[in-house]
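Visitor: Return a 3D structure for these sequence lines:
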Amino acid sequence: QVQLVESGGGLVQAGGSLRLSCATSGRTFSSYAMAWFRQAPGREREFVARIRWNPMTTYYKDSVRGRFTISGDNAKKTVYLEMNSLKPEDTAVYYCAAQARQSIGHYTRSDKYDYWGQGTQVSVSS
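Guide: Sure, this is the predicted structure:
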């Protein structure tokens with residue numbers, strides 16, 4: 001059983017920073033890519049950032065590009081999301097997701113990912 005566990009959420013003022021971590025545990029698992037999604041109250045879950053391991057390539061939602069940075073270590077099965085210049089509209093539950101193998105479908109689709117964490121709350125006050 002593969003488990004993803006997020007940490008690092010919290011309450012921060014606008015303009016502040018947070019760093020989210022996602023650790024993968026369980027049986028031997030090597031992902032094709034990992035991503036962060038978020039879901040604000042009353043809204044659908046949305047793509048935030050993605051890292052594909054080989055070749056290492058990153059992708060971002062337009063509204064976070066330049067403020068957020070996704071990084072990770074595939075050998076350690078860990079991915080991070082460094083969030084700077086946070087805005088109140090970034091407030092959401094942030095989820096880590098893992099894609100087990102290459103597949104069709106756009107990388108922003110949540111159904112492309114096979115495993116999910118339980119989420120961590122990020123709240124940004126104005």
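Visitor: Output the below-cut-off pLDDT ranges for this protein.
Guide: Within the chain, the ranges that satisfy pLDDT under 70 run 28.
Visitor: Geometric centre of this protein: which residue is closest?
Guide: The centre of the chain sits closest to residue 36, judged by CA atoms, centre = their mean, with a distance of 1.7 Å.
Visitor: Can you give me every residue that contacts that one?
Guide: 20, 22, 48-50, 70, 79, 81, 94-97 (CB atoms under 8 Å, 6 or more residues apart in numbering). From N, CA and C alone the C-beta is placed, and that goes for glycine too.
Visitor: helix, strand or coil for it?
Guide: strand (DSSP: H, G, I helix; E, B strand; the rest coil).
Visitor: likewise residue 89?
Guide: Looking at residue 89 with three-state DSSP, the answer is helix.
Visitor: quick one, what contacts it?
Guide: Per CB under 8 Å, 6+ apart, neighbours of residue 89: 63, 124.
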